[in-house]
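K.L.:
Compute the structure for the input listed below.
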Amino acid sequence: MKKDNEPSVFDYLDYRKFLKDLYKSKKAVSGTFSHRVFVRKCGFSSPNFLKLVMDGKRDLGKNAKAKIIQALCKRQLEKDYLDAL
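P.N.:
Okay, the predicted model is just below:
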């Protein structure tokens, strides 16, 4: 279930903006939250992968998108929406 301070994926038309805002909200709650923590939560090994995606320097491939969806979305409707973005 989404926490009150976290953005809803349904408010976005750009997955990069959603990821940026989600990162900012988690960082605001916990000063120890970092890009490295975010990457690990999503199952990636490169510590700056999501930062590069958020900055538009990398695109999400099919496997990367599936990892992010699995890690960040709980309900099927959220998963489907993020996948469509």
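K.L.:
show me where the protein has helices.
P.N.:
All helices of the chain, identified by DSSP state H, fall at 15-29, 35-42, 49-54, 62-72, 76-84.
K.L.:
most neighbours per residue, which of those?
P.N.:
helix 49-54 (a mean of 19; mean count of other CB atoms under 10 Å). All C-beta spots, glycine's among them, are computed from the backbone N, C-alpha and C.
K.L.:
Give the other helices and strands that that helix contacts.
P.N.:
helix 15-29, helix 35-42 (3 or more CB pairs under 8 Å, 6 or more residues apart in numbering; DSSP states H and E).
K.L.:
could the helices of the chain be laid out in CSV, adding distance to residue 8 and mean pLDDT?
P.N.:
As requested, those are exported to CSV (distance: least, CB to CB, whole Å; pLDDT from 0 to 100):
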stretch, distance to residue 8, mean pLDDT
helix 15-29, 9, 92
helix 35-42, 18, 90
helix 49-54, 18, 92
helix 62-72, 11, 92
helix 76-84, 8, 93
